[in-house]
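1. Quick check, what structure comes out for this input:
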Amino acid sequence: MQSDATREPNRTASTKLNDGKSNRNDFETLRRDVTKLAQTVSDLTQNQATAARGQVSQALGAASDQIAQSAAATQDKLMSLEADLETYVRQKPLYSVLVALGVGFLLGKMS
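-> Residues are numbered from 1 along each chain as shown. Predicted coordinates for the structure are as follows:
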């Protein structure tokens, strides 16, 4: 039979071996957890970037629609102004020519 003194070194070596395996397992678990955490952070960042792109796209679409509406309204106003001016010139041709001469004279004096 072995005495307690001879069994103690074996237990210590066995305990050290188990502690080493336990540490290795703990390290592997930690490594997997860190990898999962990095993947989660990456996914979250990608989701936020996708959401931001969607918001920017919506804002650009709304701005584009508003600009198109403003351009159409401006074009309508210019066409209406052109029609009004043409009607005025047809109704008062002599007065229109005199106004044009006066404006041309003033512009000529300014330069």
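2. pLDDT below threshold where in this protein?
-> For the chain, residues meeting the criterion pLDDT under 70 lie at 1-20.
3. So what's the gap between the one helix or strand Y95 maps to and the chain middle?
-> Per DSSP states H and E, Y95 falls inside helix 93-110. Between the centre of helix 93-110 and the centre of its host chain there is 53 Å, according to C-alpha atoms, centre = their mean, to the nearest Å.
4. would you put the C-alpha positions of it in PDB?
-> The C-alpha coordinates for helix 93-110 follow below in PDB (Å, rounded to 0.1, in the frame of the first residue of the first chain):
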ATOM      1  CA  PRO A  93     -48.000  96.800 -79.600                       C
ATOM      2  CA  LEU A  94     -46.900 100.400 -79.800                       C
ATOM      3  CA  TYR A  95     -46.700 100.800 -76.000                       C
ATOM      4  CA  SER A  96     -44.700  97.500 -75.800                       C
ATOM      5  CA  VAL A  97     -42.200  98.800 -78.400                       C
ATOM      6  CA  LEU A  98     -41.800 102.100 -76.500                       C
ATOM      7  CA  VAL A  99     -41.200 100.200 -73.200                       C
ATOM      8  CA  ALA A 100     -38.600  98.000 -74.900                       C
ATOM      9  CA  LEU A 101     -36.800 101.000 -76.300                       C
ATOM     10  CA  GLY A 102     -36.800 102.700 -72.900                       C
ATOM     11  CA  VAL A 103     -35.400  99.700 -71.200                       C
ATOM     12  CA  GLY A 104     -32.800  99.300 -73.900                       C
ATOM     13  CA  PHE A 105     -31.800 102.900 -73.600                       C
ATOM     14  CA  LEU A 106     -31.400 102.700 -69.800                       C
ATOM     15  CA  LEU A 107     -29.300  99.500 -70.100                       C
ATOM     16  CA  GLY A 108     -27.200 101.200 -72.700                       C
ATOM     17  CA  LYS A 109     -26.500 104.200 -70.400                       C
ATOM     18  CA  MET A 110     -25.500 101.900 -67.600                       C
END
